[in-house]
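>>> Need a 3D model of the sequence below.
(2 chains)
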Amino acid sequence: MSDASFAHDQTEDVRLASLAAPKDYLALLKPRVMSLVVFTALAGLLLAPHLPHPVIGFASLLAIAVGAGASGALNMWYDADIDAIMGRTRNRPIPAGRLAPQEALAFGLILSVLSILTLGLAANWLAAGLLAFTIFFYVVIYTMWLKRSTPLNIVIGGAAGALPPMVGFAAAAGEVSLASFVLFSIIFMWTPPHFWALALVKSDDYGRAGVPMLPNVAGADRTRLEILIYALVLAPLGVAPYLMGFASPAYGAISVIGGGFFVYCAHAVYRRREGETAKKAAWRLFFVSILYLFLLFLTLVVERVLAATGFSL
Amino acid sequence: MADQKLKEPAERKGVTLTPEQEKSRKARNIAIALAITGFIALFYVITIVRLGGAVAHPPA
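Numbers count the residues shown, from 1 in each chain, chains lettered A, B, ... in the order given. This next block holds a predicted model:
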């Protein structure tokens, strides 16, 4: 090898050497999504008739969190091309050039395997199997298949985000129950109006990236109608934990008031169709939807923790 | 042996990283070390909890 070619190779190698910092890898895990997953999984875990040892509970939640993060990393690996186009995502580590796609792929795969094995060994293999299915569903069914091919992408793909309470319950109880399925259903029905509210505001972004979100395919008016229908189904479903006897009257009151306000905001989105007021209504529904789900699960968690320490609401 | 000792970065042949790359590599190495240490500690504690009293009093 000549000196010249060696110098060239060295320059190339130096150029390829990673500049990624630990915080870039952390960003791959989508920490905000991960925190919601941990929270909902904790609610599912606390629903179990017998709580696991705190260490096993902690390890289970950590494994579920890391599994969710691994899904996020694999999603960012696959979606790097459209992330670079959309304003909301163009500063993610891969499109911003701080991380190579292969690094994200390896990181996501390693964390997926480790999280599934850890949950299986710490809790049980039913929970580990459900976590593996969740990761598979999010990465393969949603990210690789549905997201770019149908406006039903988040309707069906929402199942992945809805599974953590069932995984949490299975980790503690070794089985799935109707109660954990109700929590799954609440998140499943919550996902479309939440993301469609965002899609109404960001439809240009999604359109440029070629992602067939409902507003781009069926139009904004049809999306507004769908949001209202989903809200009308979600509001009573949110009360189900109280009606079925596994949540307190305090939860019942919060779910009725919260559900009512959710429907009110969805109706405002349906009614206000033009200009800045339409945009404001969609943004309000987006943030109210986050607050609504957070409050429901926070109440479930708090009342279960209080019950474990001898108090009841 | 002295010949086999690692040379200072400036004396090494091959790829020479920029100061930014050296810095980010060091940060990644520390993060990996912490993650592995945490992972080992977690499995140690899980093992103790799952084995329970069988650690101190193994079944005959």
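>>> A:F297 against A:A41, yeah?
No. Under the criterion of Cβ atoms under 8 Å, A:F297 is not in contact with A:A41, lying 9.8 Å apart. Quick note: C-beta positions are derived from backbone N, CA and C, even for glycine.
>>> More neighbours: those two, which one.
Just comparing A:F297 and A:A41: by other Cβ atoms under 10 Å in any protein chain shown the higher neighbour count belongs to A:A41, 29 against 22.
>>> Which residue lies closest in space to the more buried one, excluding its sequence neighbours?
Leaving aside its sequence neighbours, A:A41 sits nearest to A:G168 (Cβ to Cβ, 6 or more residues apart in numbering or on different chains; 3.6 Å).
>>> what separates the host helix or strand of that neighbour from the chain centre, distance-wise?
For A:G168, the host element (DSSP states H and E) is helix A:164-173. Counting by Cα atoms, centre = their mean, to the nearest Å, helix A:164-173 is centred 16 Å from the centre of its parent chain.
>>> repeat for stretch B:43-51
What separates the centre of stretch B:43-51 from the centre of its chain is 21 Å, taken as Cα atoms, centre = their mean.
>>> So for it, mean pLDDT?
When pLDDT is averaged along stretch B:43-51, the result is 92.
>>> do stretch A:148-156 as well
Stretch A:148-156 comes out with an average pLDDT of 93.
>>> what's the pLDDT at residue 14?
I'll assume chain A. Reading off the confidence values, A:V14 has pLDDT 61.
>>> my bad, chain B
The confidence metric pLDDT takes the value 72 at B:G14.
>>> Repeat that for A:L313.
As predicted, A:L313 sits at a pLDDT of 62.
>>> nearest residue to A:N75 other than its sequence neighbours?
Leaving aside its chain neighbours, A:N75 sits nearest to A:T143 (4.8 Å; criterion: Cβ to Cβ, 6+ apart).
>>> three-state assignment of the one you found?
helix (DSSP: H, G, I helix; E, B strand; the rest coil).
>>> I'd say it and A:M76 touch.
No. With contact defined as Cβ under 8 Å, A:T143 does not reach A:M76; the gap is 9.4 Å.
>>> which one of these two has more residues nearby?
Counted by other Cβ under 10 Å, A:T143 and A:M76 do not tie: A:M76 has more neighbours, with 26 against 21.
>>> Next up, the contacts around whichever residue of chain B sits closest to chain A.
Distances from chain B to chain A, computed as Cβ to the nearest Cβ, single out B:A31 as the nearest residue at 3.9 Å. Applying Cβ atoms under 8 Å, 6 or more residues apart in numbering or on different chains, one finds that B:A31 lies in contact with A:P22, A:Y25.
>>> If we use 10 Å, what do you get?
Residues counted as contacts of B:A31 (Cβ atoms under 10 Å, 6 or more residues apart in numbering or on different chains) are A:A21, A:P22, A:K23, A:Y25, A:L26.
>>> closest to B:R25 among those residues?
Using Cβ to Cβ, A:A21 is the member of the contacts of B:A31 that sits closest to B:R25, with 9.9 Å.
>>> For the closest one, give its distance to A:R98.
Using Cβ to Cβ, to the nearest Å, we find A:A21 at a distance of 8 Å from A:R98.
>>> Give me the common contacts of these two.
Common neighbours of A:A21 and A:R98 are listed as A:A27, B:S24 (criterion: Cβ under 10 Å, 6+ apart).
>>> neighbours of B:E20, just the number please.
Counted with other Cβ under 10 Å, B:E20 comes out at 11.
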